[in-house]
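> Next input, structure requested:
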Amino acid sequence: MKFTADDLVLYAVTDRTWLEDKTLSEVVEAALQGGVTLIQLREKELDYEGYLAEALEIKKVCDRYGVPMIINDNVEIALASGADGVHLGQKDGDVAKVRERLGKSKIIGVSARTLEQALEAQANGADYLGVGAAFGSKTKLDAQALSHKVIQTITETVDIPVVAIGGINRQNAMELRGTKVQGIAVISDLFAQGDVKKAAQTLKYIAEQVAGKK
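Predicted coordinates for the structure are as follows:
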């Protein structure tokens, strides 16, 4: 699966907090039906076997829709599940070494808060950057909001695509228009909604405007 900037337009990060009586694969499928363009599987509580089983299941769903699935942080799970790639935080390993392990065809995303981090990730072989927190974060309580001017400086300097992440929802996403990000990453404003498909449709329309596609 060839990765392009269009894959970042509506970037969904999974969170099982709001599953209630549904499975993660069911809500992921609803999100894909609504127009999500990439799934990042993020699991902090599951053990290896549970995480791998979940990754294999979600990969099947994503493959049906032709949408990339990447794994948050865990290179071992990415390799074992046949995921399309991995997303690394600043403390999650050396990008160049991860590239050696995954090969050239896999997607590697890297979180960045500064231009220096962004340029270093690009130089080491990252395919895209996740920049933020654009508005703080409910899932990472220590994530401080990043100036939108800094986000724009990064997008205008690097040669790889950038997705904005952190506290983004339908109320504030349009504030990122003009920063030249290629997409927005969402968590609660998608997966905490009663109708995930409808939420995805609304967010996709907004995301396309933010990315300058409408």
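
> The lengthiest strand in the chain pairs with which strands?
Ranked by number of residues, the top strand in the chain under DSSP state E is strand 107-112. Using DSSP bridges, the strands paired with strand 107-112 are strand 85-88 (parallel), strand 128-131 (parallel).

> List of residues touching the first one?
What it means is strand 85-88. Contacts to strand 85-88, defined as Cβ atoms under 8 Å, 6 or more residues apart in numbering, come from residues 3, 40, 68, 70-75, 78, 95, 98, 102, 106-111, 127, 130. C-betas here are computed from N, CA, C, even on glycine.

> Same question for the last one.
Here strand 128-131 makes contact (Cβ under 8 Å, 6+ apart) with 3, 5, 8, 87, 107, 109-113, 118, 121-122, 146, 151, 154-155, 158, 160-165, 181-182, 185.

> Quick check on the contacts of strand 85-88: which are buried?
3, 40, 68, 70-75, 78, 95, 98, 102, 106-111, 127, 130 (16 or more other Cβ atoms under 10 Å).

> In which helix or strand does Lys149 reside?
Using DSSP states H and E, Lys149 sits within helix 148-157.

> Pull out the buried positions in that helix.
148, 150-155.

> Would you mind giving the residues you listed as CSV with distance to Ala12 and pLDDT added?
Output for those, formatted as CSV (distance: Cβ to Cβ, whole Å; pLDDT from 0 to 100):
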residue, distance to Ala12, pLDDT
His148, 22, 93
Val150, 24, 95
Ile151, 20, 96
Gln152, 24, 97
Thr153, 26, 97
Ile154, 22, 97
Thr155, 21, 97
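
> quick one: average confidence on the lengthiest helix in the chain?
For the chain, the helix with the greatest residue count under DSSP state H is helix 48-65. Regarding helix 48-65, the rounded mean pLDDT is 98.

> do the same with stretch 22-31
On average, stretch 22-31 scores 96.

> Residues contacting that stretch, please?
Here stretch 22-31 has contacts from 12, 14, 16, 19, 39, 54, 57-58, 60-62, 65, 190-191, 195-197, 199-200, using Cβ under 8 Å, 6+ apart.

> Do a quick rundown of the strands in this structure.
According to DSSP E, the strands that the chain contains are 10-13, 38-41, 69-72, 85-88, 107-112, 128-131, 162-164, 183-186.
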